[in-house]
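Peer 1: Quick one, structure for this:
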Amino acid sequence: MDSATDWTRTPFTPDLVRGALDLERTGQGLLPHRLPARARAQCADEQLAMAEAQPAGVRLVFRTRATVVELDTLRTTTAYEGVPPGPDGLYDLLVDGRLAGQASVSGGNARTMGMAEGIAEERPGPVGTVRFTGLPDRQKDVEIWLPYNEMTRLVALRTAPPSNRCRTGGARSGCITAVRSVRGRSPRAPARRGRYWPPRWAGWS
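Peer 2: This is a model prediction of the structure:
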């Protein structure tokens with residue numbers, strides 16, 4: 001984050017995070033789940049836990065006039081012994097329903113799975129930042145789709161330029177307001193990579 005820039009920071013609320021069936025507050029950030037807590041409690045399988053915490057179909061949806069958006073996340077990547085690591089996950093930026101940018105985040109936790117014994121070892125890593133610049137200077141609907149192949153904890157959301165105060169029912173400068181979905185659906189999703197897209201139980205909302 002550029003310390004010379006004044007940022008507006010927005011907390012993560014249920015109306016901001018779409019597509020998750022549960023939002024778990026952890027000591028390292030907000031963790032979206034694609035299965036509710038009652039379903040997760042019925043199965044202790046580590047592979048299932050890893051898959052349902054990879055946020056395919058989960059996105060941030062808001063309205064703003066900001067021209068710069070930064071999202072701090074703590075990712076957890078998974079690799080298997082003897083197998084080349086997969087590509088970094090991509091964050092898709094949509095502006096008024098159209099794909100406007102893609103980016104990856106660095107750092108994060110690295111989990112290595114043993115092929116024979118099935119035991120995972122995890123190496124902790126730092127929080128990373130995905131940054132989108134050059135957004136149009138007008139009121140617009142913004143969506144940030146999270147990677148489908150990385151467990152992602154949401155740490156902080158910032159926008160610039162900043163605003164002094166948000167007006168009721170609208171937004172000025174970098175303020176964020178929630179966008180209501182129409183009949184529970186948002187605009188058409190961008191094309192994603194991977195044979196698990198879209199999952200049938202991703203928790204669309």
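
Peer 1: quick one: residue 99 and residue 84, what's the gap?
Peer 2: As judged by CB to CB, to the nearest Å, residue 99 and residue 84 stand 28 Å apart. C-beta here means a position set from N, CA and C on the backbone, and glycine is covered the same way.

Peer 1: between these two, who's got more neighbours?
Peer 2: For residue 99 versus residue 84, neighbours defined as other CB atoms under 10 Å are more numerous around residue 99 (13 against 6).

Peer 1: where along this structure do the strands fall?
Peer 2: Secondary structure of the chain (DSSP state E): strands located at 8-10, 17-18, 22-26, 29-33, 59-64, 68-80, 91-95, 98-103, 109-113, 120-123, 128-132, 140-145, 151-160, 176-178.

Peer 1: Turn those strands into TSV, columns for distance to residue 50 and mean pLDDT.
Peer 2: Output for those, formatted as TSV (distance: least, CB to CB, whole Å; pLDDT from 0 to 100):
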stretch	distance to residue 50	mean pLDDT
strand 8-10	29	92
strand 17-18	20	95
strand 22-26	14	94
strand 29-33	12	95
strand 59-64	20	96
strand 68-80	6	93
strand 91-95	20	98
strand 98-103	23	97
strand 109-113	8	88
strand 120-123	8	84
strand 128-132	19	97
strand 140-145	20	97
strand 151-160	7	96
strand 176-178	30	77
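
Peer 1: Export these to a markdown table and append columns for distance to residue 48.
Peer 2: Formatted as a markdown table, the strands of the chain follow (distance: least, CB to CB, whole Å):
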| stretch | distance to residue 48 |
| --- | --- |
| strand 8-10 | 32 |
| strand 17-18 | 22 |
| strand 22-26 | 14 |
| strand 29-33 | 11 |
| strand 59-64 | 22 |
| strand 68-80 | 13 |
| strand 91-95 | 24 |
| strand 98-103 | 28 |
| strand 109-113 | 14 |
| strand 120-123 | 13 |
| strand 128-132 | 26 |
| strand 140-145 | 23 |
| strand 151-160 | 13 |
| strand 176-178 | 31 |
